[in-house]
Structures are given as structure tokens and as C-alpha cells.
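Engineer: can you look at this prediction? I've put the sequence above it.
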Amino acid sequence: MNKISPIPYEATHPGVLLADEIKTREISQKELAANLGVLPSFLNEILKGKRNITADFAILLEKILDIPADYWMRFQAQYDIDKARLKDKNVKKIEQIENWKVIEANVPVDELKFCGYFGDKIAENIEFVKKLYKVDNIDSISPQVSEQSGNYASDTNDYKTVLAWCRVAEYEALKMNVTSFDINKTEELKKELKLLSYTDGLTDVKLISFLAKFGVKLVFISKFEGCNIKKHIFLSNQNPAIAMMKIDDFESGFFELLSHAIEDIDYDNS
């Protein structure tokens, strides 16, 4: 399979090569135009890249300069291809810039970057945002943000950031594999969770594994500046999921909050 050549910074018109050739041979434009049987203005437009080299003109150059016509035609074809690729490249760059402006207006870029979700390549970041917000078009994010503005807006919460935090939780939950959820085991789950809360050396990994046995996904997400919600409850591939802020210690208040979240699962699925 042939490898596609890198897109050049700019396309080189064959007229540039012709200008270098006649300069090296110390032929004046006026003299060459006369020998070719064309107007000096016609030749000047080719030398300046304003007019393409045609097959007829390439044959004339072959006769006068003894350089094969296909040499000139290859460079003309390459120029046309490079020009088309550059145009497509610029269109994509403009589209990226416009998409990124929409993202900056609706997504907490700094928070996602700090948490390692964004890298240095804008194109990859844009594709991640599409996946995160489950959209095919970046413009579709704005309606999601507007819809949530009334739900999360407060003195302590920025609704754009809260929405992003919830989307990150949903994204991470999709990576988890747990058993099927059985609503009839909810009471058993709550009783065992209460006993577990008295266990020394409990870690987030152990707690996640414990809930996974009951078909519940527990996701710990780093705190986002401007997001102070306590929990986010949602369905992830037909399994109930609970997202909570990452913490260093599991205090009694944490287990109380988690128990309430499980009760909400019980209610939402009854």
C-alpha cells in the first residue's frame, strides 16, 4: 500500500520551477515568450502561479527548453492535489476552532484537563467530548447544558461543571462490569453495608467490589471546582450506578449518604 505524502505547508506552482529554470539559463521572460509564441503577459501569469500549465504549453516548453512535457504536467498535477489537500486541511482546522469555542463555552476544560481527560491534541479532545456527552455533533452539547441550568444552578454549584462531573461519572461507570441487579436483595445489601461501615482499613476498591456483587456500580470521581453535589444516581447498562466524590476517609456521614443513595435506587427501580 502506498503511503500518502505529508501535506506541504504550501503548494508549489510549476511556474516557480519554470522561473528558476529560465533564471539559471539567463533567458529573459520576453525572449522566452517570443520563442514560445505567447504574449509576455501570458508567460508572466504562469511564472507568478496565476495560470496553470496546460498540456499544449508543456509541449512548447519541451521543444524550447528540452525538458519533457510530462515533467511539467506532473508538477502541475501535484500542485493541484496539494492545493486541494490544503483547502481540506484548512476547512478542518476552522471546524476544529469553531467546535473548541463551543466546548469552552459549555464544558469545564480546565477541570477535565486537570483530571487527565484532555491531552495536547485538540482533535482527540473534541472526539472525547463527543463521547462524554454522547453526541455526534458538538453543537448538541449546548441544549444539554441549557436543560440542566435550572437543575444545578446555585451559589455553590456551576451547572456546566456539575453536568460535566455527572457525564464523567457515567463515562467511567460504562467501563465497569458487575453482576445483574436484583431489587429483592436491596435490604440484604443495606444490612451488609451497615456492617461493612464498621470495618477497619476499608478502601474504595473494597467498597466498589462489595457493591458490584449486588449489581450496583459505585464510581468515585475527583472533585471539580464549582461542583458540590453529594451524589449522582443513574442507570448504566441496566445496572444502578452511584457516583460520589473521592474522599480520603470513610466517615459516618459518607455511609449515611451512600445508604440514602441505595434507598433511592430501591425507590427508582420499584
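Structural biologist: That came through fine.
Engineer: go through stretch 64-74 and flag the buried ones.
Structural biologist: 65, 69, 72-73 (16 or more other CB atoms under 10 Å). In this view, the C-beta of every residue, glycine as well, is placed from N, C-alpha and C.
Engineer: tell me how far that stretch is from the chain's mean position?
Structural biologist: Centroid separation for stretch 64-74 versus its chain: 45 Å, with CA atoms, centre = their mean, to the nearest Å.
Engineer: would you mind writing the CA trace of that stretch as PDB?
Structural biologist: What follows is stretch 64-74 as a C-alpha-only set of coordinates in PDB (Å, rounded to 0.1, in the frame of the first residue of the first chain):
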ATOM      1  CA  ILE A  64      12.200  25.200 -26.300                       C
ATOM      2  CA  LEU A  65      13.900  24.000 -23.100                       C
ATOM      3  CA  ASP A  66      14.300  20.300 -23.900                       C
ATOM      4  CA  ILE A  67      12.600  19.300 -20.600                       C
ATOM      5  CA  PRO A  68       9.900  16.600 -21.100                       C
ATOM      6  CA  ALA A  69       6.300  17.700 -21.200                       C
ATOM      7  CA  ASP A  70       5.300  15.100 -18.600                       C
ATOM      8  CA  TYR A  71       7.700  16.700 -16.100                       C
ATOM      9  CA  TRP A  72       5.700  19.900 -16.200                       C
ATOM     10  CA  MET A  73       2.400  18.100 -16.100                       C
ATOM     11  CA  ARG A  74       3.500  16.000 -13.100                       C
END
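Engineer: where exactly do the strands run in this structure?
Structural biologist: 217-221, 231-236, 239-245 (DSSP state E).
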